[in-house]
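Asker: Just a sequence and a predicted model for now, questions to come.
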Amino acid sequence: MAQNRGGPFLILAIVLGLAAAAVVFLYLNQQSAANVTSRSTRPVVVAATDQPFGTKLERNMLKVVNYPKDSVPPNAYSSLDSVVGQTTKIFLASKEPVLASKLSMRFPVDEETTRRLKRVISAEQRPVRWWRRLLRRLRILSS
């Protein structure tokens, strides 16, 4: 009768295969952890939910996430305070980075600014007065 001597070799092959798989798994885990910790990141403000154009942004509409430093879009904001209160010019999708080109510029218009502008811009250059003067002239000509 022929004896089956392959059993111990089969068990040894399975054990050695599992050991090799475990070593490879641990090595790859260690390499990916090293990549994550060595990769430098930068905070970027993104939209938390979809925002239609013309929306005045508030804190609850935004969140800050970390992007890899080489993947940060140009003109991206890094703090919420620099974005809150601005208005969107275009539709912002959820998790989309908030860029300067997607927001309208905000100017603080107070009484002092208005008074200074009135001093700089003469009455003839102000469009409302120009239109009023034109309408008066047209009324005089038509009567």
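Answerer: Noted; the coordinates are in hand.
Asker: Quick one: the strands in the chain, in order.
Answerer: Ranges of strands within the chain are 41-47, 62-68, based on DSSP state E.
Asker: What strands flank the last one, and is each parallel or antiparallel?
Answerer: Which is strand 62-68. Using DSSP bridges, strand 62-68 pairs in its sheet with strand 41-47 (antiparallel).
Asker: Distance check, Arg132 against Gln51.
Answerer: Going from Arg132 to Gln51 by C-beta to C-beta, to the nearest Å gives 39 Å. No exception for glycine: its C-beta is placed from N, CA and C like everyone else's.
Asker: likewise Asn75?
Answerer: 17 Å.
Asker: Then Gly6?
Answerer: Separation of Gly6 from Gln51 (C-beta to C-beta) stands at 67 Å.
Asker: between the two, who's got more neighbours?
Answerer: The neighbour count for Gly6 versus Gln51, taken as other C-beta atoms under 10 Å, is higher for Gln51 (22 against 9).
Asker: separation between that one and Leu80?
Answerer: Taking C-beta to C-beta as the measure, Gln51 falls 14 Å from Leu80.
Asker: can you check Leu12 too?
Answerer: Distance of Leu12 to Leu80, given as C-beta to C-beta: 61 Å.
Asker: more crowded one of these two?
Answerer: Between Leu12 and Leu80, counting by other C-beta under 10 Å, Leu80 is the more crowded of the two (17 against 10).
Asker: which residues does that one contact?
Answerer: Shown in contact with Leu80 (C-beta atoms under 8 Å, 6 or more residues apart in numbering): Val45, Arg59, Leu62, Val64.
Asker: Nice, that's everything, thank you.
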